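[1] Sequence first, then the predicted structure:
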Amino acid sequence: MVPRLDFSSWWTKETQKGTPVVVQMENPSFSVVEINGPDDAFQPVEKSRSKNAKQVTWVLLLKAHRAVGCVTWLVHVLWALLGGIKKRVIHRQGVDVESDKLVKGRLLFRVIRVFLVTCLVILAFEVIAYFQGWHFRNPRLHIPRTSDLQGLLHVVYVAWLTFRAGYIAPSLQALSKFCVVLFLIQSVDRMLLCLGCFWIRCKKIKPRIDEDAFRIDDPEGSAYDYPRVLVQIPMCNEREVYEQSISAVCQINWPRDRLLIQVLDDSDDESIQLLIKEEVTKWSQKGINIIYRHRLVRTGYKAGNLKSAMSCDYVKEYEFVAIFDADFQPNPDFLKQTLPYFKNNPELGLVQARWAFVNKDENLLTRLQNINLSFHFEVEQQVNGIFLNFFGFNGTAGVWRIKALEESGGWLERTTVEDMDIAVRAHLNGWKFVFLNDVKVLCEVPESYEAYRKQQHRWHSGPMQLFRLCLPAILRSKVSAWKKANLILLFFLLRKLILPFYSFTLFCIILPLTMFVPEAELPLWVICYVPVFMSFLNILPAPKSFPFIVPYLLFENTMSVTKFNAMVSGLFQLGSSYEWVVTKKAGRSSESDLLAAADTEAKSMEKLTTCKRSSDCELGESNQIKDKKDSAAPVKKKANKIYVKELTLAFLLLTASVRSLLSAQGVHFYFLLFQGVTFLLVGLDLIGEQMS
């Protein structure tokens, strides 16, 4: 099958020269006429119509002004893009060369690079064939008997067409059909989830609560025997957010004698340890039951930290445990909004609250994350919580029944998704979960692409690593066949494995390759209609983000590279599958709350005794000395990274867009062009917060 490069119909039609132009000016001193062609404007005219020359001059000036404005805009955009590229390429002194070498040595990058080189070679042949006119002058491509270079290229091109139609096209067609089927299955799953969410809203279905469980206006618990609650705040080198998280948790409205706060600090920076200790001491002096714990041996990351804290003897006195990451700030009534669901419901093991993002409007990256996470909470977790009583624990902003944790095996250090691990094991042990869409906990999303990329790598490699470990336990469990099928087919395979696989393979590899193998061309509804409709469904929980539907679609396809790489890494236990990098926080969560808390703390500190003042002054002086030592040390600036896989795919997609332009494929060309530009911007780290 010959590629559709026939432009002969363009010049066989009779066309008019020039473009019809109508000029309208204020207070005209002459009539307005239409110019159908450039020759009409310069025909001999009578003296009575001598003003036509002035009219033509105005037309030419108007068109020249528009052309200059368009060129100026394009030059401005290109200059800004080149400036960003220069900033990334030249100022990269802080990037580790060895890490770049490791990135370049990965298998995925090599595969993409092979595809790019192959497409460039094929594109060269296609351009030569196009300018030689082989596609419309010699449709059957008879091999000439000449022995010159042109004849040799012609022979090579005919051989390539024969090889393409006989060997490459069938395999590519089979792979594309397989990915399209997976795409449709996943789209049906999304539609069912959205229908379930719509049904919940129409029927106003919510988890039931015992109305007499607690009294909000009884903070000391005189009217009810409040359960004992343990609150844990795991953190590691959280200099930016430790103060606001501890402050928010210490202000929870709960009887003080029935609340214990554990600050689980895994920081390896001594200055941060001193700061956290001082914050804990400050709240302890105010009568808050708060404990500072620091492990000498930091094994197992967050899971090891939580496991070590749960091994304390005093934990046996508590019935529930609430977990908050370092950047989370619960409302004072958080426990009174969540714990009532446990009363008279002994099968309930977890109550999960929804996240609310205070920096969702900080930049384009945070807006796109808000779209994704809003759909995850309001649609996925709410529907699964209402109809299945199961969903993946988010690792924070949730309350566990300690008995459920103990009977399910406790925290294990075998994966980087310890929250999902304990949720699956608790579900297999018969415990039920409740998701509260109305209870929101403030937190922040990553503002830089580097932090977001590392977070997504951990979130997509961990589930595949867990799937390998949990599959035998799921098959041997005594739960119903429906629950087993839901865990294996929907929870793990469809939403954790199939989604990144088809997204990367279909839109980043197969689609650009079909431009060079037109026999396996993807239909228009796969490229345009269905993805846009799915993006529209994903954006419904965040309607204010509707103007970002196109950037969201393009960015999700771009992130499929990271997600696919992480999925393969976790599934086959590669080196980066157990990599844990703490997500960088900006500390923007509650600046106004911090100012108010600082004023209150200043007033309370004035009431302390002279002895305490002196001890605090000594501690403050020691901290000042340490801060001076730290500030004296040279600070190494960190430059923005350049992501080679994304850049390579950008050039691959842009190359395919050139080939699509030659074959006059409209939607394919625009999709490949915009997707290639998106990969280019992400590869140059031009999205999100910029580093110094």
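    Done, it's in.
[2] Once you drop chain neighbours, what's closest to the spatially most central residue of the chain?
    Within the chain, one residue has its C-alpha closest to the average C-alpha position: by C-alpha atoms, centre = their mean, that is Q369, at 5.3 Å. By the measure of C-beta to C-beta, 6 or more residues apart in numbering, the closest residue to Q369 outside its immediate chain neighbours is V445, 4.5 Å from it. Just so you know, the C-beta spots here come from the backbone N, C-alpha and C atoms, and that holds for glycine as well.
[3] The one you found contacts I371, correct?
    No. With contacts defined as C-beta atoms under 8 Å, V445 does not count as touching I371, sitting 11.0 Å away.
[4] thinking again about what came up before, let me know the secondary structure of the residue nearest to Q369.
    Under the three-state scheme (DSSP: H, G, I helix; E, B strand; the rest coil), V445 adopts coil.
[5] got the contact list for it?
    Remark: with contacts taken as C-beta atoms under 8 Å, 6 or more residues apart in numbering, V445 is in contact with F357, N359, K360, T366, Q369, N370, L373, Y452.
[6] thinking again about what came up before, quick one: the residue nearest to the centre of the chain and Q455 touch, right?
    No. With the criterion set as C-beta under 8 Å, Q369 and Q455 do not qualify as a contacting pair; they are 9.5 Å apart.
[7] Spit out the residues that contact those two alike.
    With contacts taken as C-beta under 8 Å, 6+ apart, the residues that reach both Q369 and Q455 are P446.
[8] What is the burial count for D421?
    26 (other C-beta atoms under 10 Å).
[9] residues of stretch 675-686 that come out buried?
    Of the residues in stretch 675-686, those buried by neighbour count under the rule 16 or more other C-beta atoms under 10 Å are Q675, G676, V677, T678, F679, L680, L681, V682, G683, L684, D685, L686.
[10] Same question for stretch 157-176.
    By 16+ other C-beta under 10 Å, the buried positions in stretch 157-176 come out as Y157, V158, W160, L161, R164, I168, A169, L172, Q173, L175, S176.
[11] Which two among the buried residues of stretch 675-686 are spaced furthest apart?
    Of all pairs drawn from these, the greatest distance, 17.7 Å, lies between Q675 and D685 (C-beta to C-beta).
[12] check contacts around R256.
    G287, I288, N289.
[13] Need the buried ones from the residues you listed selected in PyMOL.
    Listed next is the PyMOL selection for buried residues among the contacts of R256, using 16+ other C-beta under 10 Å:
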select buried, resi 288+289
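[14] Burial check on R190, number of neighbours?
    18.
[15] Hmm, F536 and it touching each other?
    No. Because the distance of 10.7 Å does not satisfy C-beta under 8 Å, R190 is recorded as not touching F536.
[16] Strands along the protein, start to end?
    Using DSSP state E, the strands of the chain run over residues 229-235, 259-265, 290-294, 320-323, 348-357, 398-401, 432-443.
[17] Can you check what angle separates the longest one from strand 348-357?
    When you say that, I think you mean strand 432-443. Orientation check (axes from the mean of the first three to the mean of the last three C-alpha atoms, to 10 degrees): strand 432-443 against strand 348-357 gives 30 degrees.
[18] Do you know the pLDDT at R476?
    Note for R476: predicted pLDDT of 94.
[19] That one: neighbour count?
    Counted with other C-beta under 10 Å, the neighbours of R476 add up to 9.
[20] Look up how far P255 lies from the residue nearest to the centre of the chain.
    37 Å (C-beta to C-beta, to the nearest Å).
[21] What of M420?
    Summarising the geometry, the distance separating M420 from P255, computed by C-beta to C-beta, is 33 Å.
[22] more neighbours, the two?
    For M420 against P255, the residue with the higher neighbour count under other C-beta under 10 Å is M420, and the figures read 24 against 17.
[23] need the contact list for the more buried one.
    With contacts defined as C-beta under 8 Å, 6+ apart, M420 is in contact with G392, F393, G462, P463, L466.
[24] Please produce CSV containing these, extended by distance to A248.
    Below are the contacts of M420 laid out as CSV (distance: C-beta to C-beta, whole Å):
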residue, distance to A248
G392, 24
F393, 21
G462, 27
P463, 30
L466, 30
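[25] Most neighbours among these, which one is it?
    Counting neighbours by other C-beta under 10 Å, the one among those with the most is P463, which has 26 neighbours.
[26] If we ignore the residues flanking it in sequence, what's nearest it?
    K496 (4.3 Å).
[27] Relative to V280, which of the contacts of M420 is nearest.
    Out of the contacts of M420, the member with the shortest distance to V280 (by C-beta to C-beta) is F393, at 26.3 Å.
[28] What spatial separation is found between the closest one and E406?
    Per C-beta to C-beta, F393 is found 16 Å from E406.
[29] Tell me which stretches of the stretch 501-650 of the chain form helices.
    Taking DSSP state H, counting those that start in this stretch as the criterion, the stretch 501-650 of the chain carries its helices at 511-514, 524, 530-539, 549-571, 591-605, 610-632, 644-662.
[30] How many residues are close by I272?
    Close neighbours of I272, defined as other C-beta under 10 Å, add up to 17.
[31] And it, how far from N237?
    Taking C-beta to C-beta as the measure, I272 and N237 are separated by 6 Å.
[32] Then D313?
    When distances are taken as C-beta to C-beta, D313 and N237 turn out to be 28 Å apart.
[33] ok, the two, which is more surrounded?
    N237 (16 against 6).
[34] need the contact list for the more buried one.
    N237 sits next to D266, S267, D268, D269, I272, V582 when contact means C-beta under 8 Å, 6+ apart.
[35] So what's the residue count around the last one?
    The one in question is V582. For V582, the neighbour count with other C-beta under 10 Å is 18.
[36] wait, isn't L350 in contact with H427?
    No. Look at L350 against H427 with C-beta under 8 Å: they stay out of range, at 9.5 Å.
[37] Could you tell me which residues touch both of those two?
    In contact with both L350 and H427: F433, using C-beta under 8 Å, 6+ apart.
[38] Which ones among the buried residues of stretch 157-176 lie within helices?
    Assignment to helices by DSSP state H places the following of the buried residues of stretch 157-176 there: Y157, V158, W160, L161, A169, L172, Q173, L175, S176.
[39] quick one: pLDDT of A650?
    The model reports A650 with a pLDDT of 90.
[40] So which bits of stretch 117-129 are buried?
    Within stretch 117-129, the residues that qualify as buried by neighbour count (16+ other C-beta under 10 Å) are C119, I122, L123, E126, A129.
[41] do the same with stretch 194-204
    Residues of stretch 194-204 classed as buried by neighbour count (16+ other C-beta under 10 Å): C194, G196, C197, I200.
[42] and the closest residue in space to the third one that isn't next to it in sequence, what is it in contact with?
    If the residues on either side of it in the chain are set aside, C197 comes closest to V379, at 4.7 Å by C-beta to C-beta, 6+ apart. If a contact means C-beta under 8 Å, 6+ apart, then V379 has L193, C194, G196, C197, P541 as its contacts.
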